[in-house]
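> got a structure for you, letters missing:
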């Protein structure tokens, strides 16, 4: 009696279950027949990427060394072409750091050697314009310092004596009422044409005597570079008897490397240090950039004018110069460490956030103090990678190569 009751109950439950399954199957079949348009379309797998964020990919399903399945990447999921994606853990392990491009004043110092040269405009040569004889030479030697108007020698010249007699005659005729006129002015001019010092001409005017010897004086303050005169010698026209140079202002001729020539401009400040006077500085400015390159050394010559009141700087002395370059105006700049150079171009990695980095080509300008000017390719506040960027760049190149390989392997 009891067995028949439980048997009937179990039979009823089984019947309900079978009926339910049949109903579900029928319902599922009906839904498939009527709602096929609502089923999601099948997406196409492009490739499989490493589950640990490594840069290797596969065209077929596979597992990594730890037995983890590679993750499928469907079409449309990697729409950021050229963008490198890194996991937060990998970014931290690699030491990736970013810094925003900002407006900065870039200054750089060009260092180069040079020599001290005389200012060509401050050199005087004493030479005769007529035949003469040296009667006396002052106690002046090569290397001695002389002042303007200091006697150097006494010269007898027949031509000067004749011109002086003519001038005195003109002056005397003026006193007696004849007047100096044009002829008198011409007589004085003749003495000047013979390069007779002004002091000697004034002495002739006052004394009204033809001098046997004319005292020749220094035309400027300076150092005697040459003394080619001795007592009793005959001086021919054009013979250089003295050469005197003013050292109060000198030139520093600096040999600048060809690569630095574009950063230099007339007017830039330069600091010159002489090797003979450690710790002492001479300040000046560039006043000439010579338009030629020395073929042997690939250097350009730059002229810096220096004040030399103590006469410490002398001809052909070696010096070292530091020239400040750059503009006083702020320019868009990034750290030099952000620049990736190679393949004939220069680029940076822009940090787009969420572990994404975009390589971007840039055009650069002046460099200095660890920064480089960006003329094209970036905007202010664009963050660029300044540390471990070469690792991201290598991964970017690897990703591009692998993706090309994967696309080439697809039928």
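In hand now; what should we look at? Here the structure is a predicted model, which means the values were calculated and not measured.

> when you work out contacts or count neighbours from here on, use the C-alpha atoms and nothing else.
OK.

> run a quick neighbour tally on the nearest residue to residue 283 once chain neighbours are set aside.
Nearest residue to residue 283 in three dimensions, chain neighbours excluded: residue 271, at 4.7 Å (C-alpha to C-alpha, 6 or more residues apart in numbering). Applying other C-alpha atoms under 10 Å, we find 18 residues neighbouring residue 271.

> before we move on, what about residue 73?
Residues lying near residue 73 (other C-alpha under 10 Å) number 16.

> bridged to it, which residues?
Beta bridges link residue 73 to residue 47 when assigned by DSSP bridges.

> which neighbours in the sheet does the helix or strand containing the residue nearest to residue 283 have, and how are they oriented?
Residue 271 belongs to strand 269-274 when assigned by DSSP states H and E. With DSSP bridges as the test, strand 269-274 is paired with strand 281-294 (antiparallel), strand 318-326 (antiparallel).

> could I get these as JSON lines with mean neighbour count, distance to residue 233 and mean pLDDT?
Below are the strands paired with strand 269-274 laid out as JSON lines (neighbours: other C-alpha atoms under 10 Å; distance: least, C-alpha to C-alpha, whole Å; pLDDT from 0 to 100):
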{"stretch": "strand 281-294", "mean neighbour count": "15", "distance to residue 233": "42", "mean pLDDT": "94"}
{"stretch": "strand 318-326", "mean neighbour count": "20", "distance to residue 233": "38", "mean pLDDT": "90"}
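
> next, format those as a markdown table and append distance to residue 245.
Listed next are the strands paired with strand 269-274 as a markdown table, based on distance: least, C-alpha to C-alpha, whole Å:
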| stretch | distance to residue 245 |
| --- | --- |
| strand 281-294 | 20 |
| strand 318-326 | 19 |
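
> and residue 378, which of the ones you listed is closest to it?
Proximity to residue 378 (C-alpha to C-alpha) singles out strand 318-326 among these, at 20.5 Å.

> residue contacts, the most centrally placed residue in the chain?
The chain has residue 263 as the residue nearest its centroid, 3.6 Å off, counting by C-alpha atoms, centre = their mean. By C-alpha atoms under 8 Å, 6 or more residues apart in numbering, the contact list for residue 263 reads 325, 326, 366.

> what's the separation between it and residue 157?
Residue 263 sits 57 Å away from residue 157, going by C-alpha to C-alpha, to the nearest Å.

> residue 369 contacts residue 104, correct?
No - using C-alpha atoms under 8 Å, residue 369 is not in contact with residue 104, being 10.6 Å away.

> who's more crowded, these two?
Taking other C-alpha under 10 Å, residue 369 and residue 104 do not tie; residue 104 has more neighbours (16 against 12).

> how close does the more buried one sit to residue 376?
Using C-alpha to C-alpha, one gets 16 Å for the distance from residue 104 to residue 376.

> so where does residue 161 fall, helix or strand?
Element membership of residue 161 [criterion: DSSP H and E] is helix 158-175.

> for that helix, packing partners?
Packing partners of helix 158-175 (3 or more C-alpha pairs under 8 Å, 6 or more residues apart in numbering; DSSP states H and E): helix 181-193, helix 198-207.

> which stretch in these has the least confidence?
Lowest mean pLDDT of those: helix 181-193, a mean of 78.

> show me the chain divided up by domain.
Following automatic domain parsing, the chain resolves into domains at 45-74, 84-106+330-409, 109-119+247-326, 129-237.

> give me the distance from the longest one to the chain's centre.
Right, the one you point to is domain 129-237. Domain 129-237 sits 54 Å away from the centroid of its parent chain (C-alpha atoms, centre = their mean, to the nearest Å).

> try the first one
Taking C-alpha atoms, centre = their mean, the mean C-alpha location of domain 45-74 is offset from the chain mean by 49 Å.

> ends of that domain, what's the gap?
Note: domain 45-74 ends 4 Å apart using C-alpha to C-alpha.

> what's the neighbour count on the residue nearest to residue 59 when sequence neighbours are not counted?
Spatial nearest neighbour of residue 59, excluding adjacent residues (C-alpha to C-alpha, 6+ apart): residue 47 at 4.7 Å. Other residues near residue 47 number 20, with proximity taken as other C-alpha under 10 Å.

> gap between residue 47 and residue 68?
Residue 47 sits at a distance of 16 Å from residue 68 (criterion: C-alpha to C-alpha).

> same question, residue 371
In this view, residue 371 and residue 68 are 45 Å apart by C-alpha to C-alpha.
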